[in-house]
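Asks: structure of the sequence below:
(one chain, ligands or ions: 2)
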Amino acid sequence: MATVALRFPSKVRLVVVSNRGPFVLKETATGVEKQWAVSGLVSAIMPLFRTTPGTWVAWGGRFASEKEAGTTYQEGNLKWVEVPLTRREVELYYDGFANQVMWPLCHHFLEKCVIDPDWWTGYREVNQKFASLTGKVGHDADLIWVHDYHLALVPSFLRQQAFAKKSPKIGLFWHIPFPGPDTWEVVPWSREIIEGLLGADVIAFHVPKYVENFLQCVRAFIDATVLPGGKLIFYQGRVVEVQAIPVGVNQELFSSLGKNPEIREKAELIRQQIGGEKLLLGVERLDYSKGVLDKLSAFERFLEKYPEYHGRVTLLQIAVPTRNGIGAYTELRRRVEALVGRINGRFSTPAWTPVRYFYRSFDQKELAAFYLAADVALVTPLRDGLNLVAAEYVVTKGEKPGVLVLSRLAGIACHLREALLVNPYNPEDMVEAIRQALEMPVEEQRKRLQALQQKLARWTAATWVRSFLKTTLEHRAEYSVATP
Ligand SMILES: Nc1ncnc2c1ncn2[C@@H]1O[C@H](COP(=O)(O)OP(=O)(O)O[C@H]2O[C@H](CO)[C@@H](O)[C@H](O)[C@H]2O)[C@@H](O)[C@H]1O
Ligand SMILES: O=P(O)(O)OC[C@H](O)CO
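Replies: Ligands and ions are numbered 1, 2, ... in the order given. The predicted structure follows:
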């Protein structure tokens, strides 16, 4: 496994806190088994612990009993401390408030938000639990790095705690979109959520638009002053810094996987097994925000409109199981599988299956083989904080040709302008982008990919970590600015 040079001062005691940790724990007949978790957050953070020692406090994805203490695992540099959550806590905090209020709200699916005061109480209590455990295991921490929408209240709960030596620096990274106050107004507790976040010294988002939306929320809901320049907030006698620091991909890993002869062979085999001339690829957690239904509908429309492509193009869709306890996800799976069945039922021939559908996760080598095999990656979320799959596809391809079709509504689109940008809500736009991608001359494919690769080379998993940690470690609570 390739490593990244972080040049992170080794004497800094670092604690990472997030809902999803590196592993999912499964109870088996022989005891508890741990499997690597699949998520953008885990992909983003793992490279840090390949070179840097530290502690990661997170839930293990299982239900613990009332009295159970969490398990601790040492894995190389990483000490992982499990936050044990009961079934009831998971229902209220994770299935409820985090995934049926925060997630749909931030991705602009207001009709999917359910306002339930019990979920909010559960969310507060579990955030408090994460903060208390972090305070215990990280009592001598220099820097505590909190992640994402599950734990918005943790920064302010941490600030209320006593630490062994001095106050550690507290940073928060928000991995999903951050909407403006018109959207946040839907949640009765929006002020408390923003106050919770303001417990951090540094708050960072992927792109400037989310920073601007956050600052607008601060102006709308909080008694705080956004200082001129828009990066600093004066709040309760402290200064909070807000930045756009996009996550990058593990460049060394994906570019070496792309060059690996064994993986190239695997990619060739995939091509032979699937047959046909052209391969389109979709890879995402099976989440409604990722737009899998709209993509499949666009592909169906493409096959109706361009019958000359029958037998020549296949869509390989990988859907990673996610959040199975929530109705909207069960329903999405049902609809996606019905649509795959309908398309294949309408268009298949004895020699050709238009959609190849996989409902499972793959290891990174297998994933890289799919990236290499695909002529076109269809990354078309209806809304996405950033989207790492788009970047991983581009990096893995190396000198090989390929086309990235990318939703304008993914955060990463503001950087990757050389992709074929589409509006995933507009079926005709999607259909024509598929056609343009399939007909793009190889020289143009290479030129666009090279331009994208040059951008991504300056912006890696390592630069993200380094930049966030440096900003947080160097944060000063008082600035010599004129305050009100
Ligand atoms: N079948 C499969 N098997 C194994 N691994 C697979 C897989 N399919 C996908 N993966 C991995 O899972 C990760 C998915 O990351 P994304 O950014 O695409 O979305 P996600 O919503 O999980 O992340 C959230 O966090 C990231 C990082 O901040 C944001 O980009 C995003 O907008 C936000 O929703 C990728 O690194 C990919 O390699
Ligand atoms: O499977 P989940 O619910 O932990 O989703 C993981 C995503 O990275 C959310 O940011």
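
Asks: go ahead and confirm Glu241 touches Val211.
Replies: No - counting by C-beta atoms under 8 Å, Glu241 does not reach Val211; the two are 10.6 Å apart. The C-beta positions use only the backbone N, C-alpha and C, and glycine is treated the same way.

Asks: shared neighbours, these two?
Replies: Common neighbours of Glu241 and Val211, using C-beta atoms under 8 Å, 6 or more residues apart in numbering, are Lys231.

Asks: in the stretch 1-150 of the chain, what residue is nearest ligand 1?
Replies: When scored by C-beta to the nearest ligand atom, the stretch 1-150 of the chain has Gly40 as its residue closest to ligand 1, at 2.2 Å.

Asks: distance of that residue from Arg20?
Replies: Distance from Gly40 to Arg20, counting by C-beta to C-beta, to the nearest Å: 10 Å.

Asks: thinking again about what came up before, who's in contact with the residue of the stretch 1-150 of the chain closest to ligand 1?
Replies: The neighbours of Gly40, taking C-beta under 8 Å, 6+ apart as the test, are 175, 247, 385-388.

Asks: report the next helix or strand after the lowest-mean-pLDDT helix or strand in the chain in sequence order.
Replies: Within the chain, no helix or strand scores below helix 40-51, which has a mean of 82 by mean pLDDT, DSSP states H and E. Per DSSP states H and E, helix 40-51 leads on to strand 54-59 as the next helix or strand towards the C-terminus.

Asks: in whatever helix or strand comes next after that next one, what's buried?
Replies: Secondary structure here is assigned by DSSP H and E; on that basis, the next helix or strand after strand 54-59 toward the C-terminus is strand 72-75. For strand 72-75, the neighbour count (16 or more other C-beta atoms under 10 Å) marks Tyr73 as buried.

Asks: what's strand 72-75 packed up against?
Replies: With contacts defined as 3 or more C-beta pairs under 8 Å, 6 or more residues apart in numbering; DSSP states H and E, strand 72-75 has these neighbours: strand 78-83.

Asks: go ahead and name everything in contact with the strand it packs on.
Replies: Contacts of strand 78-83 with the rest of the structure, by C-beta under 8 Å, 6+ apart, involve 21-23, 25, 49, 53-60, 70-74, 129-130, 133, 137.

Asks: of the residues you listed, list those near ligand 1.
Replies: When C-beta under 6 Å from any ligand atom is taken as the criterion, no member of these contacts ligand 1.

Asks: in PyMOL, how would I select just the buried ones from these?
Replies: A single PyMOL command selects the buried members of the contacts of strand 78-83 (16+ other C-beta under 10 Å):
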select buried, resi 21+22+23+25+49+54+55+56+57+58+59+60+70+71+73+129+130+133+137
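
Asks: hang on, Leu378 packs against Ile318?
Replies: No - assessed by C-beta under 8 Å, Leu378 is found out of contact with Ile318, at 11.3 Å.

Asks: more crowded one of those two?
Replies: When Leu378 and Ile318 are compared on other C-beta atoms under 10 Å, the one with more neighbours turns out to be Leu378, at 31 against 21.

Asks: for the closest residue to Gln445 other than its chain neighbours, give its distance to ligand 1.
Replies: Spatial nearest neighbour of Gln445, excluding adjacent residues (C-beta to C-beta, 6 or more residues apart in numbering): Pro401 at 4.0 Å. Taking C-beta to the nearest ligand atom, to the nearest Å as the measure, Pro401 falls 21 Å from ligand 1.

Asks: surely Pro401 touches Arg448?
Replies: No - using C-beta under 8 Å as the test, Pro401 is too far from Arg448 to be in contact (9.5 Å).

Asks: more neighbours: which of these two?
Replies: Each of Pro401 and Arg448 had its neighbours counted (other C-beta under 10 Å), and the higher figure belongs to Arg448 (21 against 16).

Asks: assumed the more buried one was part of a helix.
Replies: Yes - going by DSSP: H, G, I helix; E, B strand; the rest coil, the assignment for Arg448 places it inside a helix.

Asks: residues contacting the residue nearest to it when sequence neighbours are not counted?
Replies: If you skip the residues right next to it in sequence, Arg448 has Glu418 as its closest partner in space, 4.5 Å away by C-beta to C-beta, 6+ apart. Contacts for Glu418 were tallied using C-beta under 8 Å, 6+ apart; they are 448, 451-452.
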